[in-house]
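Here is a sequence with its predicted model. Questions after.
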Amino acid sequence: MKALRAYAPASIGNVSLGFDVLGAALAPVDGSRLGDEVDIESADTFSLTTVGPFAHKLPGDADSNIVTQCYHYFCAQMEKVGKATSPVAMTLSKNLPIGSGLGSSASSIVAAFVALNAFYDYPFDEDTLLTMMGELEGQISGSIHYDNVAPCYVGGMTLMTGATSPVTLSLPLVKDWYYAICYSGISVSTAAARDILPKQVDMATALTFGRQLGVFVHALNAGENDLAASVMKDVIAEPYRKQLLPGFDEARAFSEQEGALAFGISGSGPTVFAVCDSKEKAQRIVAYLDEHYIQNEDGFSHVCQIPEQGTTVGPIA
Ligand SMILES: Nc1ncnc2c1ncn2[C@@H]1O[C@H](COP(=O)(O)OP(=O)(O)O)[C@@H](O)[C@H]1O
Ligand SMILES: N[C@@H](CCOP(=O)(O)O)C(=O)O
């Protein structure tokens, strides 16, 4: 009997300078896994079982779980293209905290769609699947944005095009950048953190946003890494969101003093990240964040890099 497992990594939405259009996958350098997993196998009727360290924080009923919604959405898309589906049993290992800024819902969504697509012998191509992932992410967070689902699915650092094909472009990776990331343990709802943002930005902010994104993409392609890091500043969301994050200003001050190239909010927070040009600097910042930024026993931190690979799927060993 076919039984598959998909693993979908955590991700940094926005990467400070690219609100809703830039994202990066995350992989701890110690080789541990940071992401949700979805198992799938044939069954007489559909079911979803949830396990893992954050399963108890999910909605109690399977119907409210985004993975169940992915299954129904996937089946409806299959029907539209005249393809049959049969019931499956799915198991979600909920390894990412909810409302963490690590693309938790995106990780579940991407793992679910990749597992379903593989189970039914790959009926949909990458752009079609990404569009479906964005749709489900939009249902849960209040508006469609691809900056978590895209890097989670394809890996690397991704820039959204606004087109349906290709949905996303992959940017060059800086091999010697290390990301100190820390989840404080509190929950910030993405929908609520979007609601507090102004609906319009002024001309000066729009010009800074465009200039930074243009310079960043050029600098990465030219290998001018310091120039790229110099424009990793959030002029859209951080000024409004940082008030939700106790210890944010102090964490930034410490990281900058330790030589971090950039510091910002991962997605809508509360996770923060510091970009460093050595693993040792990232480890020192992680040690500070462990002691000063974490608020409760759910918090954690890691030194990460951006993996080239995104979601993986294969037979359950
Ligand atoms: N599999 C799932 N993973 C994460 N959140 C889920 C899942 N299924 C349903 N939810 C609900 O979706 C919402 C996700 O909140 P959100 O703030 O967008 O989280 P995140 O920023 O971590 O993706 C929560 O209300 C959560 O209960
Ligand atoms: N671009 C989005 C990213 C949200 O990421 P999450 O990990 O907090 O869901 C935003 O900034 O609202």
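Great, that's in hand. Ligands and ions are numbered 1, 2, ... in the order given.

near ligand 2 at all, the one helix or strand in the chain whose mean pLDDT sits lowest?
Sorting the helices and strands of the chain by mean pLDDT, DSSP states H and E puts helix 190-195 at the bottom, at a mean of 92. Yes: Helix 190-195 lies within reach of ligand 2 by C-beta under 6 Å from any ligand atom, at 190, 193-194. For the C-beta atoms, the positions are set from N, CA and C on the backbone; glycine is no exception.

Strands of the chain, residue ranges please.
3-9, 11-13, 22-25, 27-28, 35-42, 47-51, 88-93, 157-160, 168-171, 178-183, 262-265, 272-276, 300-305, 312-315 (DSSP state E).

need the residues of the stretch 1-150 of the chain near ligand 1, please.
Contact residues, the stretch 1-150 of the chain versus ligand 1 (C-beta under 6 Å from any ligand atom): 58-59, 64-67, 92, 98-100, 103-105, 108, 140-141.

Considering only these, which also neighbour ligand 2?
Contacts with ligand 2 are made by 103, 141 out of these, judged by C-beta under 6 Å from any ligand atom.

Take the residues of the stretch 1-150 of the chain next to ligand 1 and keep only those in helices.
Among these, DSSP state H puts 66-67, 104-105, 108, 140-141 in helices.

how close does residue 132 sit to residue 6?
14 Å (C-beta to C-beta, to the nearest Å).

re the thing from before, of the strands of the chain, which approaches residue 148 most closely?
Residue 148 sits nearest to strand 11-13 of all those, at 4.8 Å, using C-beta to C-beta.

What sits closest to residue 32 if chain neighbours are left out?
Spatial nearest neighbour of residue 32, excluding adjacent residues (C-beta to C-beta, 6 or more residues apart in numbering): residue 302 at 7.5 Å.

Quick check: the one you found vs residue 243, distance?
Counting by C-beta to C-beta, the gap from residue 302 to residue 243 is 25 Å.

between those two, who's got more neighbours?
Taking neighbours as other C-beta atoms under 10 Å, residue 302 and residue 243 compare with residue 302 leading, 19 against 9.

On the pLDDT front, check the more buried one for me.
On pLDDT, residue 302 comes in at 98.

who's in contact with it?
26, 28-30, 32, 34, 180-181, 286 (C-beta atoms under 8 Å, 6 or more residues apart in numbering).

again, 10 Å this time
10, 26-30, 32, 34, 179-183, 282, 286 (C-beta atoms under 10 Å, 6 or more residues apart in numbering).

again with residue 183
By C-beta under 10 Å, 6+ apart, the residues touching residue 183 are 10, 34, 96-97, 100-102, 104, 266, 269-272, 289, 293-295, 298-302.

Distance of the closest residue in space to residue 67 that isn't next to it in sequence relative to ligand 2?
Spatial nearest neighbour of residue 67, excluding adjacent residues (C-beta to C-beta, 6+ apart): residue 112 at 4.5 Å. Computed as C-beta to the nearest ligand atom, to the nearest Å, the residue 112 to ligand 2 distance reads 16 Å.

Surely residue 112 is in contact with residue 40?
Yes: under the criterion of C-beta atoms under 10 Å, residue 112 is in contact with residue 40, at a separation of 8.4 Å.

between the two, what contacts are shared?
Taking C-beta under 10 Å, 6+ apart as the contact rule, residue 112 and residue 40 both touch 6, 67, 71, 90.

Ligand 2: which of those residues is nearest?
The closest of the shared contacts of residue 112 and residue 40 to ligand 2 turns out to be residue 67 (C-beta to the nearest ligand atom; 16.0 Å).

Next one, pLDDT for the residue lying closest to residue 89 once chain neighbours are set aside please.
Using C-beta to C-beta, 6+ apart and skipping residues adjacent in sequence, the residue nearest residue 89 is residue 43, 3.8 Å away. Residue 43 is assigned 97 on the pLDDT scale.
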